[in-house]
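Novice: dropping the sequence and predicted coords here.
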Amino acid sequence: ASTLGAAAAQSGRYFGTAISANKLGDSQYTTIANREFNMITAENEMKIDATEPNQGQFNFTNADRIYNWAVQNGKQVRGHTLAWYSQQPGWMQSLSGSALRQAMINHINGVMAHYKGKIPYWDVVNEAFDDNTGGRRDSNLQRTGNDWIEVAFRTARAADPDAKLCYNDYNIDNWTWAKTQGVYNMVRDFKSRGVPIDCVGLQGHFNSGSAYNSNFRTTISSFAALGVDVAITELDVEGASATTYANIVNDCLAVARCVGITVWGVRDSDSWRSYQNPLLFDGNGNKKAAYTAVLNAL
Ligand code: XIL
């Protein structure tokens, strides 16, 4: 195969990218994205502040621009994200207690209803664990009660029974880290108690502070052994080492339930960490060595 998406499809997987609505008019950007990728994540447009800017008033203008571009070009869309401490609209930041809990439930219902039956994977809850302790991250959502995550998942299951429901986080790539173990224990607990969870998203933001480690494969296979799909959802690698990118692809391919890989942007210049040159295409749209390494590994 000569593109990332087609190469991933040879093993029944997908290869995706994050897309920004405000770049859909950039023909170099859309040409590369359309050619190479078959799964699309909205980089910001499906987040809480974008989809419910005023409480109870949903706005899917930019989310739908990305959704429609993807579907018109034969691609699927990962939903990102429904319950998160960050990128909350101001009205939500000022809520607490039962009012916030109900607002979270209403938000999940409102967004999932709009896309019912159209989104194969939803990141229901994003980044709910503390970076160091292995416990929960302190946030307004966490302060509504420790059961907020399972409430979010149960709400999501009822809202769209056909969507696979994911927990997504960063720095849960290294199997030895407390945060990884904290999320693993939550997923194991959810599976044992019948809380609906279908997948874990490993964001995969690798840099000098959280470097790729070869125990990544153990992390993927350990989550998969709990009975969930695993996806690499926001991959970028500081410096874009071709060897590291190939190792990551091989780690996913080694686990049957690793269903796909998404890189967090098209060109280095599109990256939220553009100074790290972490992606597969340079700022001129040229394929980097990491691109070739990924294509050959798939
Ligand atoms: C980032 C976007 O790339 C930026 O454009 C935005 O300013 C902040 O959010 N984890 C996530 C993503 O789940 O939603 C984040 O995306 C990167 C970290």
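Specialist: Alright, I've got the coordinates.
Novice: start from the N-terminal end of the stretch 1-150 of the chain and give the strands.
Specialist: For the stretch 1-150 of the chain, applying DSSP state E, counting those that start in this stretch gives strands covering 14-19, 39-42, 76-84, 121-126.
Novice: dump those strands into JSON lines; add mean neighbour count as well.
Specialist: In this view, the C-beta of every residue, glycine as well, is placed from N, C-alpha and C. As requested, these are exported to JSON lines (neighbours: other C-beta atoms under 10 Å):
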{"stretch": "strand 14-19", "mean neighbour count": "27"}
{"stretch": "strand 39-42", "mean neighbour count": "25"}
{"stretch": "strand 76-84", "mean neighbour count": "24"}
{"stretch": "strand 121-126", "mean neighbour count": "28"}
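Novice: is it possible to get TSV of those strands that adds distance to Trp272?
Specialist: Listed next are the strands of the stretch 1-150 of the chain as TSV, based on distance: least, C-beta to C-beta, whole Å:
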stretch	distance to Trp272
strand 14-19	9
strand 39-42	13
strand 76-84	13
strand 121-126	15
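Novice: between the ones you listed, which gets nearest to the ligand?
Specialist: Closest approach to the ligand among the strands of the stretch 1-150 of the chain is made by strand 121-126 (5.1 Å; C-beta to the nearest ligand atom).
Novice: contacts for the closest one, please.
Specialist: If you take C-beta atoms under 8 Å, 6 or more residues apart in numbering as the criterion, strand 121-126 is touched by 78-84, 86, 108, 112, 149, 152-153, 156, 160, 163-169, 199, 201, 229, 231, 233.
Novice: then stretch 285-298?
Specialist: Residues beyond stretch 285-298 that count as contacts (C-beta under 8 Å, 6+ apart) turn out to be 1-4, 7-8, 10-11, 13, 15, 28-29, 31-32, 237, 240-243, 245-246, 249-250, 253, 267, 279-282.
Novice: if you set the cut-off to 7 Å instead, what comes out?
Specialist: For stretch 285-298, contacts defined as C-beta atoms under 7 Å, 6 or more residues apart in numbering pick out 4, 7-8, 28, 32, 240-242, 245-246, 249-250, 267, 280-282.
Novice: could you do stretch 217-227 as well?
Specialist: So stretch 217-227 is in contact with 173, 175, 180, 184, 187-188, 191, 200, 202, 230, 251-252, 254-255, 257-258, going by C-beta under 7 Å, 6+ apart.
Novice: do that again at 8 Å, thanks
Specialist: Residues outside stretch 217-227 that contact it (C-beta under 8 Å, 6+ apart): 172-175, 180, 184, 187-188, 191, 200, 202, 230, 250-252, 254-258.
Novice: just the buried subset of those, written out for ChimeraX, thanks.
Specialist: In ChimeraX syntax, the buried subset of these is picked out as below (16 or more other C-beta atoms under 10 Å):
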select :172,173,174,175,180,184,187,188,200,202,230,251,252,255,257,258
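Novice: what's Asp130 in contact with, if anything?
Specialist: By C-beta under 8 Å, 6+ apart, the contact set of Asp130 is 136-138, 179, 182.
Novice: revised request: answer the last question for Thr81.
Specialist: Taking C-beta under 8 Å, 6+ apart, we find Thr81 in contact with 46-48, 122-126, 168.
Novice: closest to Asp64 out of these?
Specialist: Met46 (9.7 Å; C-beta to C-beta).
Novice: where does the prediction get shaky in the stretch 1-150 of the chain?
Specialist: Within the stretch 1-150 of the chain, not a single segment meets pLDDT under 70.
Novice: returning to what we had before: from the contacts of stretch 217-227, which ones fall inside strands?
Specialist: 200, 202, 230, 258 (DSSP state E).
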